[in-house]
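Colleague: Make a model of this:
(chains A, B, C and D)
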2 protein chains.
Amino acid sequence: MIRRIPQARERGIPDATVARLPLYLRALNGLAERGTATVSSEDLALAAGVNSAKLRKDLSHLGSYGTRGVGYDVQYLIYQISRELGLTQDWAVAIVGVGNLGRALANYGGFVSRGFRVAGLLDADPAVVGDHIAGLTVEHSDGLEAVIRKRGVSIVVIATPATAAQQVCDRVIAAGVTSILNFAPVVLTVPDGVDVRKVDLSIELQILAFHEQRKVTGGPMMAEDWAGEAG
Amino acid sequence: MIRRIPQARERGIPDATVARLPLYLRALNGLAERGTATVSSEDLALAAGVNSAKLRKDLSHLGSYGTRGVGYDVQYLIYQISRELGLTQDWAVAIVGVGNLGRALANYGGFVSRGFRVAGLLDADPAVVGDHIAGLTVEHSDGLEAVIRKRGVSIVVIATPATAAQQVCDRVIAAGVTSILNFAPVVLTVPDGVDVRKVDLSIELQILAFHEQRKVTGGPMMAEDWAGEAG
DNA sequence: ATATGTGAAAGAGTTCACAGCC
DNA sequence: GGCTGTGAACTCTTTCACATAT
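Modeller: Take a look at the predicted model:
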């Protein structure tokens, strides 16, 4: 029988840790702006909204960047996390779909700063093409592949209607893109090796509604209890 | 001594399952629109982008709603999941901060449909107050508490600049709101019993950058690590 | 004295594989 | 035969608690 060896991923940083590194980075930048030179895991954890044991474990995956009895050097840790996340280089991002959401994204400060550069805004609607947004001119999505190749776009943000998302996805993958941030409420089908992250506004609301309901009623009936207990 | 209770797991639907229920609901609605009456866990899982074992385990937490040898009745399962998520009632949502993002959210179809109703748009900027967006008039955020009380708002979406977010948060909590969806890039401090979910656009990009960097510079050993969808 | 880094334990979440029912 | 529902195994994540370093 073929057994899959757990295979310690050589420089493998756990996904859960990677997802929190941007949080730490933001907290550290806040501290740096206020002139803080050194921070303890306790204080940094507080600023990032996690507990200190988790923070220390997370950072330990990057290396031993702290000093026992002292804490972490803020600037040094900012550099190390930035490097690990790949933010010391500039990533060209294209936003496809310039509706309300696409405009919001193009103007979103967090996109422009910190290693990301909006290198293209594309839309299929001729009424939108030519608009000037965040210092860029909206181009027709016919030129999607050309924009990706010429401007070295490596991350594409899909902010189109759901119906167009898969088609856009297929095209950008064919053009060589392997990292996609999808805002369209649809499950994208992609080949192995392509990374898709999804942001789904309505899903977040629905999760909140679930918890809100529990608070109000103490749970959606006990109707399910007899249904489930029979087995 | 303080005992840490692992979150209101009361009738025991795991968080990970709750987070996927909206996904299943969307897939089921798609099937229903195409007139499908019955679906197997295999097919539904495919449509939702998960594997079938996970889907069955998730659904088993709600009850025994399938039929062995047959599958799940689409309409019945839609109803059960909707009920579990609390979408059979109408939730009044207020959006605070009507910049680019707030406008996008107000116009976002997924917000208006499926049990959610935008009951108020508020902003502190007099230049924005009075604007008509998605059938609503933007009101001054001075009236935040009044809007929440009079219109029965139970979920607040914060789409303000980072600097205003905590203040808005404090005010809505004081007004009785216990469910908050935060788009501002800041960690909100809230008392126990208040539920905050965060959507952070730049964090998603940074996670993508991490994986993109690994593809470019990393060795061949990680090929399997990227496969599939994250989140 | 103080705070990191980390094995070990505990807890969540996922996948397997098959019993049970249609 | 076909498909669900689920205990068991496995993997991933979090937390604990303390040895270790300054």
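Colleague: how many other residues sit next to the residue nearest to A:N100 when sequence neighbours are not counted?
Modeller: Closest residue to A:N100 apart from its sequence neighbours, by CB to CB, 6 or more residues apart in numbering or on different chains: B:A104 at 3.7 Å. No exception for glycine: its C-beta is placed from N, CA and C like everyone else's. Residues contacting B:A104 under the criterion other CB atoms under 10 Å in any protein chain shown number 22.
Colleague: just A:V196 next, same as before
Modeller: A:V196: 22 surrounding residues under other CB under 10 Å.
Colleague: Then A:G143?
Modeller: Neighbour count of A:G143, defined by other CB under 10 Å: 13.
Colleague: and if you look at A:D43?
Modeller: Applying other CB under 10 Å, we find 17 residues neighbouring A:D43.
Colleague: If the residue nearest the centre of chain A is in a bridge, with which residues?
Modeller: Among the residues of chain A, the one closest to the centroid is A:R197, at 6.7 Å (CA atoms, centre = their mean). Listed beta-bridge partners, A:R197: A:L181, B:A230 (assigned using DSSP bridges).
Colleague: check contacts around A:V216.
Modeller: By CB atoms under 8 Å, 6 or more residues apart in numbering or on different chains, the contact list for A:V216 reads B:S154.
Colleague: For it, pull up the helix or strand it's in.
Modeller: Assessed by DSSP states H and E, A:V216 sits inside helix A:201-217.
Colleague: do that helix and DNA strand C meet at all?
Modeller: No. With CB under 7 Å from any atom of the strand as the criterion, DNA strand C is not reached by helix A:201-217; the gap is at least 12.1 Å.
Colleague: So what does A:D131 look like in phi/psi?
Modeller: For A:D131, the backbone dihedrals (degrees, to the nearest 10) come out as phi -60, psi 150.
Colleague: Am I right that it is in contact with A:H140?
Modeller: No. Applying CB atoms under 8 Å as the test, A:D131 and A:H140 come out as separate, 11.6 Å apart.
Colleague: I'd assumed A:L122 was in a strand, is it?
Modeller: Yes. Under DSSP: H, G, I helix; E, B strand; the rest coil, A:L122 sits within a strand.
Colleague: so what pLDDT did it get?
Modeller: pLDDT recorded at A:L122 is 98.
Colleague: One more: A:R9?
Modeller: pLDDT at A:R9 comes out at 38.
Colleague: Mind checking what secondary structure A:A127 has?
Modeller: Judged by three-state DSSP, the three-state class of A:A127 is coil.
Colleague: Look at it and say how many residues are nearby.
Modeller: Per other CB under 10 Å, the neighbour tally for A:A127 reads 7.
Colleague: ditto for A:P161
Modeller: There are 13 residues near A:P161, going by other CB under 10 Å.
Colleague: Surely A:V199 is in contact with B:V199?
Modeller: Yes. Between A:V199 and B:V199 there is a contact at 6.2 Å, judged by CB under 8 Å.
Colleague: quick one, helices of chain A?
Modeller: Secondary structure of chain A (DSSP state H): helices located at A:15-33, A:41-48, A:52-60, A:74-85, A:100-107, A:109-112, A:144-150, A:162-174, A:201-217, A:223-229.
Colleague: and the ones you listed as TSV, adding mean pLDDT?
Modeller: Below are the helices of chain A laid out as TSV (pLDDT from 0 to 100):
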stretch	mean pLDDT
helix A:15-33	97
helix A:41-48	98
helix A:52-60	98
helix A:74-85	97
helix A:100-107	92
helix A:109-112	70
helix A:144-150	98
helix A:162-174	98
helix A:201-217	92
helix A:223-229	35
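Colleague: Output the helix holding A:V216 as PDB, restricted to C-alpha atoms.
Modeller: Taking Å, rounded to 0.1, in the frame of the first residue of the first chain, the C-alpha atoms of helix A:201-217 are listed here in PDB:
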ATOM      1  CA  LEU A 201     -19.300  39.400   1.300                       C
ATOM      2  CA  SER A 202     -22.600  37.700   1.700                       C
ATOM      3  CA  ILE A 203     -21.100  34.600   3.200                       C
ATOM      4  CA  GLU A 204     -19.600  36.700   6.000                       C
ATOM      5  CA  LEU A 205     -23.000  38.200   6.700                       C
ATOM      6  CA  GLN A 206     -24.600  34.800   6.700                       C
ATOM      7  CA  ILE A 207     -22.200  33.600   9.300                       C
ATOM      8  CA  LEU A 208     -23.000  36.600  11.500                       C
ATOM      9  CA  ALA A 209     -26.700  35.900  11.100                       C
ATOM     10  CA  PHE A 210     -26.100  32.400  12.300                       C
ATOM     11  CA  HIS A 211     -24.500  33.600  15.500                       C
ATOM     12  CA  GLU A 212     -27.000  36.400  15.900                       C
ATOM     13  CA  GLN A 213     -29.800  34.000  15.700                       C
ATOM     14  CA  ARG A 214     -28.300  31.900  18.400                       C
ATOM     15  CA  LYS A 215     -28.000  34.800  20.700                       C
ATOM     16  CA  VAL A 216     -31.600  35.800  20.200                       C
ATOM     17  CA  THR A 217     -33.400  32.500  20.300                       C
END
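Colleague: For A:V129, grab the count of nearby residues.
Modeller: Quick note: A:V129 (other CB under 10 Å) scores 18 neighbours.
Colleague: And for the closest residue in space to it that isn't next to it in sequence, the neighbour number?
Modeller: With sequence-adjacent residues excluded and distances taken as CB to CB, 6+ apart, A:V129 is closest to A:H140, at 4.8 Å. When neighbours are defined as other CB under 10 Å, A:H140 has 14 of them.
Colleague: Is it correct that A:H140 is in contact with A:V128?
Modeller: No. Assessed by CB under 8 Å, A:H140 is found out of contact with A:V128, at 9.1 Å.
Colleague: okay, and the common contacts of those two?
Modeller: Counting by CB under 8 Å, 6+ apart, nothing touches both A:H140 and A:V128.
Colleague: so, in contact with chain B or not, stretch A:35-42?
Modeller: No. For stretch A:35-42, no contact with chain B is found by CB under 8 Å from any CB of the partner chain; the gap never falls below 14.9 Å.
Colleague: How is chain A divided into domains?
Modeller: A:15-85, A:91-203 (automatic domain parsing).
Colleague: any idea how far B:K54 is from A:D192?
Modeller: Going from A:D192 to B:K54 by CB to CB, to the nearest Å gives 19 Å.
Colleague: Neighbour count: these two, which is higher?
Modeller: Shown here are A:D192 and B:K54; by other CB under 10 Å, B:K54 has more neighbours (15 against 9).
Colleague: hmm, stretch A:59-76 touching chain B?
Modeller: No. Applying CB under 8 Å from any CB, one finds stretch A:59-76 separated from chain B by no less than 11.6 Å.
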